[in-house]
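# With the input below, show me the fold.
(one chain, ligands or ions: 1)
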Amino acid sequence: MKFEELANTRHAVRKYLATPIDSELIKKLLDVARKAPSAVNFQPFKVFVVSSNDKLEALKNCYHRDWINSAPVIIVVVAQYRMGWKRALDGKNYAEIDAAIFIDHLMLQAAEMGLGTCWVGNFDVAELNRVLELKSDEEAVGMFPIGFPADDTIPVKKRKGLDEFVVWM
Ligand SMILES: Cc1cc2nc3c(=O)[nH]c(=O)nc-3n(C[C@H](O)[C@H](O)[C@H](O)COP(=O)(O)O)c2cc1C
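Okay, the predicted model is just below:
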């Protein structure tokens, strides 16, 4: 798929078929996403791929919406601040930004492969930290349920017009 078509058709998928996802597909997804750029190429993030029954159940309990229950796999992307590039002038840590770029690659590649996902940011942070035993310098940037979409409707994109956010100087 050409990039423009991918950008136009990728959308948040919130209902998945029960079909299991072959681990080779997940590996392919991650292998493409890891080509994402990061500040000084530090790649300061780690990724949990969760499909075992007990951990999947525990993760689903971190997000209180029924739709997540249909996901056969959940990926969690975690920024690692200790490994992030810090801008010299003000110390700004790029770990979360780098993780987000990786995530964007991951979501687009998932769409390219016919898989659906949805960025879930509204999770119970304390519970997720407990389930994944995150360290003090680690922060989950998002949960990403992955599955084959149960519905093939592609919603119309609602976005601001260019004149609402672009400043030409
Ligand atoms: C940082 C971020 C956090 C999000 N968190 C949630 C969430 O907690 N629950 C949810 O249903 N969708 C969540 N979304 C999905 C957005 O609602 C969705 O991407 C947006 O409405 C645009 O729709 P589209 O992805 O179909 O183009 C999140 C998206 C982003 C980028």
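
# From now on I want contacts and neighbour counts done on CA atoms only, so please keep to that.
Fine.

# Going by residue numbers, what spans are helices in the protein?
With DSSP state H as the criterion, the chain has helices at 3-9, 23-33, 53-60, 95-112, 125-132, 162-165.

# The chain against the ligand: which residues are in contact?
11-12, 118-122, 157 (Cα under 6 Å from any ligand atom).

# pLDDT added to those, as a markdown table?
Below are these laid out as a markdown table (pLDDT from 0 to 100):
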| residue | pLDDT |
| --- | --- |
| 11 | 98 |
| 12 | 98 |
| 118 | 98 |
| 119 | 99 |
| 120 | 98 |
| 121 | 98 |
| 122 | 98 |
| 157 | 96 |
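
# Of those residues, which pair is most distant in space?
122 and 157 (21.6 Å; Cα to Cα).

# now the residues of the chain next to the ligand: which count as buried?
11-12, 118-119 (16 or more other Cα atoms under 10 Å).

# Out of the helices of the chain, which gets nearest to residue 148?
That would be helix 95-112 among the helices of the chain, by Cα to Cα, at 9.6 Å.

# Next, the angle from that closest one to helix 23-33.
Going by axes from the mean of the first three to the mean of the last three Cα atoms, to 10 degrees, helix 95-112 is angled at 130 degrees with respect to helix 23-33.

# elements contacting helix 95-112?
helix 3-9, helix 23-33, strand 45-50, strand 73-80, strand 116-117, strand 138-147 (3 or more Cα pairs under 8 Å, 6 or more residues apart in numbering; DSSP states H and E).

# Can I get the second one in PDB? Just the C-alpha atoms.
Only the C-alpha atoms of helix 23-33 are listed here, as PDB (Å, rounded to 0.1, in the frame of the first residue of the first chain):
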ATOM      1  CA  SER A  23       4.000 -15.000  16.400                       C
ATOM      2  CA  GLU A  24       5.800 -14.600  13.100                       C
ATOM      3  CA  LEU A  25       3.300 -11.800  12.200                       C
ATOM      4  CA  ILE A  26       4.000 -10.000  15.400                       C
ATOM      5  CA  LYS A  27       7.800 -10.400  14.800                       C
ATOM      6  CA  LYS A  28       7.400  -8.900  11.400                       C
ATOM      7  CA  LEU A  29       5.400  -6.000  12.800                       C
ATOM      8  CA  LEU A  30       8.100  -5.300  15.400                       C
ATOM      9  CA  ASP A  31      10.900  -5.800  12.900                       C
ATOM     10  CA  VAL A  32       9.500  -3.100  10.700                       C
ATOM     11  CA  ALA A  33       8.600  -0.700  13.600                       C
END
